[in-house]
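>>> Sequence first, then the predicted structure:
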Amino acid sequence: MKTYSLPALVVTALVAFGLGAGLGFGAGIGVSGAGAALLDGLVESEAPADVDHPVALERRGFALSYPGNWTIDTADEDYDPDEAFSIDSPGSAFASLRFYGLEMDPEDHVTAQQGAFARLMPEAKVERFTRLGELDGRGMILRGRMLTIPATVKIFAHARPDATLLVVMQTPDDDAPMTEPGFALIARTLKLTAPPTPAQDEELTR
């Protein structure tokens with residue numbers, strides 16, 4: 001991963017603290033941790049996503065696979081294995097997912113995320129898309145500088161009568177060749193499943 005000078009790191013840290021304060025998970029999925037993740041990546045080396053040894057994840061209402069060398073951030077205060085979690089690369093890339101048990105407007109979610117990220121990427125270029133893997137919905141790609149570092153954020157929302165899914169994927173542009181295969185694996189395998197029966201639900205929560 002590209003290295004940065006100590007002065008740049010200090011300035012970035014100060015900006016991150018100022019912009020990150022008060023931005024919770026509800027205000028913008030991953031936004032409060034986006035700057036922090038980018039800072040962590042300045043001292044943590046990225047590695048190619050290990051898509052040859054994927055980890056399968058199946059929970060209440062969804063299933064997906066992620067790279068073998070990526071990890072779920074169970075220490076995050078907003079972590080919920082069935083509703084809200086982040087899958088982190090060895091560097092500073094991540095995919096944050098949030099699941100709701102009711103139908104909501106995907107466009108509302110996407111534009112809300114755009115507004116939250118605007119504080120970190122005020123001059124981002126916007127590209128729209130309507131499909132992530134097998135799921136149709138509303139999507140937006142933000143390309144610009146996050147805390148002085150070139151980065152890309154992909155936001156996507158999908159809804160059906162009994163569920164809504166919100167996904168945010170972030171990576172520094174310098175690391176994209178190593179992280180994009182990981183994002184592609186998650187997108188390709190991500191599925192919303194039927195709500196489990198009470199017996200299945202008990203088994204999944206053990």
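Done, it's in. Residues are numbered from 1 along each chain as shown.
>>> so how many other residues sit close to Ala95?
Burial measure for Ala95: 26 neighbouring residues, criterion other C-beta atoms under 10 Å. For the C-beta atoms, the positions are set from N, CA and C on the backbone; glycine is no exception.
>>> same deal with Glu58?
The burial metric for Glu58, expressed as a neighbour count using other C-beta under 10 Å, is 12.
>>> in which helix or strand would I find it?
Assigned by DSSP states H and E, Glu58 belongs to strand 55-59.
>>> Show me which residues of that strand are buried.
55, 57, 59 (16 or more other C-beta atoms under 10 Å).
>>> so where's the chain uncertain?
Confidence mapping of the chain against pLDDT under 70 gives the ranges 1-44, 195-206.
>>> for it, what spans make up the helices?
Taking DSSP state H as the criterion, the chain carries its helices at 6-20, 31-43, 106-117, 176-189, 198-204.
>>> quick revisit: what strands line up against the strand holding Glu58, and which way round?
The partner list of strand 55-59 in its sheet, established with DSSP bridges, is strand 62-66 (antiparallel).
>>> The nearest residue to Arg188 once chain neighbours are set aside: what's it in contact with?
Nearest residue to Arg188 in three dimensions, chain neighbours excluded: Gly133, at 5.0 Å (C-beta to C-beta, 6 or more residues apart in numbering). The contact partners of Gly133, by C-beta atoms under 8 Å, 6 or more residues apart in numbering, come to 187-190.
>>> Taking those residues, please make a ChimeraX selection of just the buried ones.
When burial is assessed using 16+ other C-beta under 10 Å, the buried subset of these is captured in ChimeraX by this command:
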select :187,189,190
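>>> Adding distance to Met178, write the contacts of Gly133 out as a markdown table.
Conversion of these to a markdown table gives the following (distance: C-beta to C-beta, whole Å):
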| residue | distance to Met178 |
| --- | --- |
| Ala187 | 16 |
| Arg188 | 17 |
| Thr189 | 19 |
| Leu190 | 20 |
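>>> Specify which member of the contacts of Gly133 is nearest to Leu165.
Leu190 (7.9 Å; C-beta to C-beta).
>>> re the thing from before, what's the spacing between the residue nearest to Arg188 and Leu120?
Going from Gly133 to Leu120 by C-beta to C-beta, to the nearest Å gives 26 Å.
>>> Same check on Val167?
18 Å.
>>> Same question for Ala112.
Relative to Leu120, Ala112 is positioned 14 Å away (criterion: C-beta to C-beta).
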